[in-house]
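1. here is my input; please provide its structure:
(chains A and B)
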2 protein chains.
Amino acid sequence: MREFFQVISIRKVLDMAGRFPLAGTEEVEVFQACGRILAKDVVSKDNVPAFARSTMDGYAVSASSTFGASEGIPAMLEVAGRVEMGTTPEFSVGPGQAALMPTGGMLPEGTDAVVMVEHTEILDDKTIEVYKSVAPLGNVLDVGDDVKKDEVVLKKGVRLRPQDLAVAASVGEPILSVYKKPIVGIVSTGDEVVSADQEPGPGQIRDMNTYALGGLCHQAGAEYRSYGIVGDDPQALRQACEKALNECDMLLVSGGSSVGARDHTIEVIEGFENSDILVHGVSISPGKPTILAKVGDKQVWGLPGHVTSAMVVFHAMVRPFIHHVAGYEGGDGVVSVPAKLARNVPSVQGRTDYVRIRLVEKDGELTAEPIFGKSGVIRTMVEADGFIQVDLNEEGLDPGTMVRVDLFEK
Amino acid sequence: MREFFQVISIRKVLDMAGRFPLAGTEEVEVFQACGRILAKDVVSKDNVPAFARSTMDGYAVSASSTFGASEGIPAMLEVAGRVEMGTTPEFSVGPGQAALMPTGGMLPEGTDAVVMVEHTEILDDKTIEVYKSVAPLGNVLDVGDDVKKDEVVLKKGVRLRPQDLAVAASVGEPILSVYKKPIVGIVSTGDEVVSADQEPGPGQIRDMNTYALGGLCHQAGAEYRSYGIVGDDPQALRQACEKALNECDMLLVSGGSSVGARDHTIEVIEGFENSDILVHGVSISPGKPTILAKVGDKQVWGLPGHVTSAMVVFHAMVRPFIHHVAGYEGGDGVVSVPAKLARNVPSVQGRTDYVRIRLVEKDGELTAEPIFGKSGVIRTMVEADGFIQVDLNEEGLDPGTMVRVDLFEK
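-> Residues are numbered from 1 along each chain as shown, chains lettered A, B, ... in the order given. Below you'll find the model as predicted:
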């Protein structure tokens, strides 16, 4: 066996993300941009709305014309005109007057409020009664109420949500500059591993890692490609990795779980030109034998062979690195919830433990039930809703401790 | 104005989802299936693993050969052979013997446990010392420990996560049957509305609804297409809707916000052959003037013109209908968290109020800060993290009430 790795903390690994360059940018139509990472601030060139608009169907008035109006003593107003949608009213409204007003229409000159149609009655062609007073700017969206001119409405680095697209559209940005999705190559290794469409022989099992890691890449906003399953053969492994590195921004090599296979992985990674092994061993459980190398400008990860361990390492480290390359600046991108631990969780000081959690709600309070199980078993991941981390400095957690559960994406 | 709508509750609207047929199914490779909805249970044809496997590098033994072993009194064992990955060991291991064992290898006959390599020392070619006893099945994944033969490992109707793909792969399902993504057509209406790439004239504003609704469809797992912006002209609206209905499974018509435009929308929807207006008015705020029709087998929704209102209606009703058509059976598909209300929320009995919420964490506890604002304003949605619902029967909520916040997707 090769000399044992120098174990470092997750924090130190995460600090290395900045050594890798960001993916380039591309332009996409705002209609197609949901979920993409914005590469340039969006600044409004105008006020939105650019004119005072009604938020109701009713009558535009000077609010003062309605002061004191009530069911008992309605205000009687002369109808000075009718506002048409999408045009500037070509009349003005004086004191004691009103203009018929559709929702979204532009307020005519002389008005500063809209009386809801429900609070009015038509007396004749030219006259209405108003039964309720309205305050200035009542039922009105004033100039710039939504967005002010020169305001930064969206910041570079956000993942665009539906409402973000709406804001970009409202300020006239039909095309957005976003980061390209990083392309991740996936190689599974192991003499014992066959693909999902093969019948395993004696002593063989079907690959899980390619599929789990592909799904995780998809959720992290990356493109992903499989470069197949490679036996414990350095030559074949080097060929697969070389092809993947030529075609991708990042490479995930998972397995082999045996010492010999691990040795092959590190040897192959070291053997590339401009290869710099940044990490070989992380104080995390499961996932200790993780490798990270910089080959040229590209990331190469050596992940554990056990599928659950590989998923933990992805969650804790690969995902933040993908986010970095993808330009995402919105934090860890993980939705997490506070919950009360249902039972004790043992842990060893000096490493960060990831424990699978099933969430159960009781009386509006979330309880976190730890799921223990061997890390070669995928079922515990299927049953879990998320992870908790038990910190480097903790010796374990007592029942009743408030913990933060990082939820799996659905 | 047309006679006012018959307002019904959200619950009654949601009960109507069953009137619409599910999307068809298609086959996808398991590697590409993340996020898709499974259309058929996955049942394991075999035990996984199909043989007892080591979860560690070490030595396979009969556990009883190690009983009593300690640092002081190690057990001395004869090395009977070496297990190769991916094959059946062609030797057996007797009492007092051991076999060199890679992680993931098949246990030889006569063994039931694996001693970790860290707890052994090599004495010579044929002999090791064991410093710690191991229990039967210690460091072993036994036959069926992950998945048992004939077990349902994934249920029809789940949204496939990375770990679900791994399970499907492990039981030999390289191709999965999933539901097709529903295709949603989007039409925006309003004489005052121009698209994001146009310069609005006086009294005009840029469309937001097409973009917000497109993003929401994307998040809900649907395909979506824009059929443009139509002025308040029934003829043009009918044409756009007809085209969309021919090409899509569902249609969202949003706006126009004025009474006249609303009348056009309902008239056009009623005018289609086999049109059945199921809903015209929902006891929800914002979003009361919502329309739902069944045209042939397809859904046609008339959504409010205000972008925030349209988003609330999508969240409360359209999204569950998309999930129904998409075959999703995993509940409402919304991640929600309990939080403590920071201030009072006024509400009117007899309707369900949707209030935008900003979440703030203090001392491990989540606080829900209501964001109030006119529903034509998109900024309040950009600042919010989710919604709370104030129920039909509530007259409002007091500060300190525990509420459930439905989080926006990110």
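2. which secondary element of chain A has the worst mean pLDDT?
-> helix A:259-271 (a mean of 82; mean pLDDT, DSSP states H and E).
3. now the element after that helix, going C-ward?
-> For helix A:259-271, the following helix or strand on the C-terminal side (DSSP states H and E) is strand A:275-280.
4. what lies in contact with that next one?
-> Applying CB atoms under 8 Å, 6 or more residues apart in numbering or on different chains, the external contacts of strand A:275-280 come out as A:5-6, A:8, A:13, A:16, A:19, A:266, A:269-270, A:290-295, A:300. In this view, the C-beta of every residue, glycine as well, is placed from N, C-alpha and C.
5. now intersect these with the helices, please.
-> Residues of the contacts of strand A:275-280 located in helices (DSSP state H): A:Val13, A:Ile266, A:Ile269, A:Glu270.
6. buried only: go through those residues for me.
-> Buried members of the ones in helices among the contacts of strand A:275-280, scored by 16 or more other CB atoms under 10 Å in any protein chain shown, are A:Val13, A:Ile266, A:Ile269.
7. just the buried ones from the contacts of strand A:275-280, in ChimeraX syntax?
-> Buried residues within the contacts of strand A:275-280, by 16+ other CB under 10 Å, are selected in ChimeraX with:
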select /A:5,8,13,16,266,269,290,291,292,293,294,295,300
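8. quick check, nearest of the contacts of strand A:275-280 to chain B?
-> For the contacts of strand A:275-280, the minimum distance to chain B (CB to the nearest CB) is 14.4 Å, reached by A:Phe5.
9. can you pull out the strands in the stretch 101-250 of chain A?
-> A:113-116, A:120-124, A:127-130, A:140-141, A:152-154, A:175-179, A:183-189, A:193-194, A:205-206, A:223-230, A:250-254 (DSSP state E, counting those that start in this stretch).
10. so who does the closest residue to A:Glu151 other than its chain neighbours touch?
-> Using CB to CB, 6 or more residues apart in numbering or on different chains and skipping residues adjacent in sequence, the residue nearest A:Glu151 is A:Ser44, 5.1 Å away. Going by CB under 8 Å, 6+ apart, A:Ser44 touches A:Val147, A:Lys148, A:Lys149, A:Asp150, A:Glu151, A:Val153, A:Val171.
11. what's the neighbour count on the third one?
-> Neighbouring residues of A:Lys149 were enumerated by other CB atoms under 10 Å in any protein chain shown; the total is 14.
12. ok, and of the ones in helices among the contacts of strand A:275-280, which contact chain B?
-> On the criterion CB under 8 Å from any CB of the partner chain, none of the entries of the ones in helices among the contacts of strand A:275-280 sits beside chain B.
13. tell me the one of these nearest B:Lys362?
-> A:Val13 (30.0 Å; CB to CB).
14. for that closest one, list the residues it contacts.
-> By CB under 8 Å, 6+ apart, the neighbours of A:Val13 are A:Leu278, A:Val279, A:Val282, A:Thr290, A:Leu292, A:Met317.
15. so which of the contacts of A:Ser44 is the most crowded?
-> Within the contacts of A:Ser44, neighbour counts (other CB under 10 Å) peak at A:Val147, which reaches 23 neighbours.
16. ranking the strands of the stretch 101-250 of chain A by burial, who's on top?
-> Most buried of the strands of the stretch 101-250 of chain A, by mean neighbour count (mean count of other CB atoms under 10 Å in any protein chain shown): strand A:250-254, with a mean of 27.
17. okay, domains of chain A per the record?
-> Taking automatic domain parsing as the criterion, chain A consists of the domains A:10-24+A:181-325, A:25-48+A:147-179, A:53-141, A:336-407.
18. specify the beta-bridge partners of the residue of chain A most remote from its centre.
-> Outermost residue of chain A with respect to the C-alpha centroid, by CA atoms, centre = their mean, is A:Asp124; its distance is 56.4 Å. Beta-bridge pairing for A:Asp124 (DSSP bridges): A:Thr127.
19. now the strands of the stretch 101-250 of chain A in TSV, with mean pLDDT and distance to B:Glu78?
-> Below are those laid out as TSV (pLDDT from 0 to 100; distance: least, CB to CB, whole Å):
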stretch	mean pLDDT	distance to B:Glu78
strand A:113-116	96	94
strand A:120-124	96	101
strand A:127-130	97	103
strand A:140-141	95	87
strand A:152-154	96	70
strand A:175-179	98	60
strand A:183-189	97	32
strand A:193-194	94	31
strand A:205-206	94	29
strand A:223-230	97	35
strand A:250-254	96	35
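20. closest one to A:Asn274 among those?
-> strand A:250-254 (14.0 Å).
21. helices and strands around that closest one, which ones?
-> strand A:183-189, helix A:209-219, helix A:234-247, helix A:259-271, strand A:298-303, helix A:319-325 (3 or more CB pairs under 8 Å, 6 or more residues apart in numbering or on different chains; DSSP states H and E).
22. pLDDT below threshold where in the stretch 251-400 of chain A?
-> Filtered on pLDDT under 70, the stretch 251-400 of chain A yields the residue ranges A:256-262, A:375.
23. now swap in the stretch 1-150 of chain A and tell me
-> Using pLDDT under 70, the stretch 1-150 of chain A drops low at A:1-5.
24. quick check: residues of it near chain B?
-> Counting by CB under 8 Å from any CB, the stretch 1-150 of chain A sits next to chain B at A:30-35, A:48-51, A:53, A:55, A:57, A:84-89, A:102-106, A:117, A:141, A:145-147.
25. run the last query once more with 7 Å
-> A:30-31, A:34-35, A:49-51, A:55, A:57, A:85-88, A:102-104, A:106, A:141, A:145-147 (CB under 7 Å from any CB of the partner chain).
26. list buried residues within those residues.
-> Buried among those by 16+ other CB under 10 Å: A:30-31, A:34-35, A:49-51, A:55, A:57, A:85-86, A:102-104, A:106, A:141, A:145-147.
27. among the residues you listed, which are in helices?
-> Per DSSP H, these never map to helices.
28. in the stretch 201-350 of chain A, what residue comes closest to chain B?
-> Closest point on the stretch 201-350 of chain A to chain B, by CB to the nearest CB, is A:Gly215, at 3.0 Å.
29. count the residues that sit near that residue.
-> Around A:Gly215 there are 27 residues (other CB under 10 Å).
30. can you read off the pLDDT for the nearest residue to it once chain neighbours are set aside?
-> Nearest non-adjacent residue to A:Gly215, counting by CB to CB, 6+ apart: B:Pro162, 3.0 Å away. pLDDT for B:Pro162: 97.
31. where's B:Pro162 relative to A:Pro200, distance?
-> 21 Å (CB to CB, to the nearest Å).
32. same question for A:Tyr224.
-> In terms of CB to CB, A:Tyr224 sits 24 Å off from A:Pro200.
33. A:Ala293 too?
-> Taking CB to CB, one finds A:Ala293 at 31 Å from A:Pro200.
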